[in-house]
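In: coordinates for the following, if possible.
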Amino acid sequence: MTLALATCLAAQCKNADFPEAGGPTAIPARPVETYAADPIQVGVLQIESGWSHTWAGGSQLDTQSPMLRFGPWCNVEVRITSPVTLGGFGDALIGGQYRFVRESKRVPALAAGFTVKEPTAGDALGSGRRDESVTLMANKTIHGFALAANTSFFAIGRLDGGHDGKGEWSVAVSHTLRGQLGAIAEVYFDSRLNQSSPSYTNSTWALTYNVGRRIVIDSGAYVALSPGAASPGRSIFAGVTYSLANVYQHTQGR
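Out: Here you go, the predicted model:
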């Protein structure tokens, strides 16, 4: 069954959609808010996890954010994540994306994504409400700088059964500094959600290091650029991305 599926996929996809013969390569989505339009490679199962310590509103919070990513077909990615605190798991986020335009010399890669947050956690750790979001993603590499941008709309559930809506716009840039060391910078803006959650602007600053082909580690800080009740405050973080396996074990003669 696996061989038949891999053969079918090979007829639809390009060589670049599959891992190299030496095995899959870790391609992190973390630690930024901005997703690249290019999905994970076909058949690759990857796990990403990070720890963060946040100062906001006079309180402090430690959180872990594991994410599982999988490429079932070319141009398609699915992912599952759930934040973890000392109290347990938070609500589960299930999402994915479809790349409908590949990057070329003149055109960026483009993708559309959808994510739903299911209220799977208890009242103390979750919102108790279902949230949904749709995202348009783009990315382009220019003179060694990888640029990515997202436009998202969120429908956030309310206790009365309705929803509040907000938009988010984000831009991230990454670049190799030297050898396996890289840097990432990001800025994103969230519009007003409701009277108690005004608009805010946040930023991400990080260093990454490739530990071999299948592992990437990162560390840095999230820095709020606007004050107010909705400000996410300041955080420091560290994380790791590990490419677990090529589930389809597909290789092509090159």
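In: tell me where the model's unsure across this structure.
Out: Scanning the chain with the threshold set as pLDDT under 70 gives 1-12, 86-87, 122-126, 228-230, 250-254.
In: please tell me how far the residue most central in space within it sits from Tyr200.
Out: Residue closest to the average C-alpha location in the chain (C-alpha atoms, centre = their mean): Ala29, at 4.1 Å. To Tyr200, Ala29 is 22 Å away according to C-beta to C-beta, to the nearest Å. Where C-beta positions appear, they are placed from N, C-alpha and C, glycine not excepted.
In: likewise for Lys166?
Out: From Lys166 to Tyr200 the distance is 10 Å (C-beta to C-beta).
In: same question, Arg192
Out: In terms of C-beta to C-beta, Arg192 sits 9 Å off from Tyr200.
In: tell me which of the two has more neighbours.
Out: Tyr200 (20 against 14; other C-beta atoms under 10 Å).
In: wait, the more buried one touches Ser231, no?
Out: Yes. At 5.1 Å, Tyr200 and Ser231 qualify as touching, with contact defined as C-beta atoms under 8 Å.
In: which neighbours do the two have in common?
Out: When C-beta atoms under 8 Å, 6 or more residues apart in numbering defines a contact, the residues bordering Tyr200 and Ser231 alike are Ala224.
In: still on that earlier bit, now do the shared contacts for Lys166 and Tyr200.
Out: With C-beta under 8 Å, 6+ apart, Lys166 and Tyr200 have common neighbours Asp190.
In: tell me where the chain has helices.
Out: 2-12 (DSSP state H).
In: number of residues surrounding Ser197?
Out: 16.
In: same question but for Leu93, I mixed them up
Out: 19.
In: run through the residues that contact Gln46.
Out: Pro24, Ala26, Ile27, Ile40, Leu68, Arg69, Phe70, Thr241, Tyr242, Ser243, Leu244.
In: pull the longest strand from this structure.
Out: Using DSSP state E, we find that the single longest strand of the chain is strand 163-178.
In: can you point out the buried residues in that one?
Out: Across strand 163-178, burial judged by 16 or more other C-beta atoms under 10 Å covers Asp164, Lys166, Glu168, Ser170, Val171, Ala172, Val173, Ser174.
In: which residues are in contact with the fifth one?
Out: Read that as Val171. Thr34, Leu147, Ala148, Ala149, Glu186, Val187, Tyr188.
In: circling back: which among the contacts of Gln46 end up buried?
Out: If we count by 16+ other C-beta under 10 Å, the contacts of Gln46 have these buried: Pro24, Ala26, Ile27, Ile40, Arg69, Phe70, Thr241, Tyr242, Ser243.
In: state the distance from the fifth one to Thr63.
Out: When you say that, I think you mean Arg69. Arg69 is 19 Å from Thr63, by C-beta to C-beta.
In: likewise the second one?
Out: Taking C-beta to C-beta as the measure, Ala26 and Thr63 are separated by 22 Å.
In: and the spatially closest residue to Phe114 that is not a sequence neighbour, how far from Asp160?
Out: Spatial nearest neighbour of Phe114, chain neighbours left out: Val134 (5.5 Å); criterion: C-beta to C-beta, 6 or more residues apart in numbering. Val134 sits 23 Å away from Asp160, going by C-beta to C-beta.
In: ok, Ala112 - how many residues close by?
Out: For Ala112, using other C-beta under 10 Å, the count is 14.
In: so it sits right up against Thr135, yeah?
Out: Yes. Counting by C-beta under 8 Å, Thr135 is a contact partner of Ala112 at 7.1 Å.
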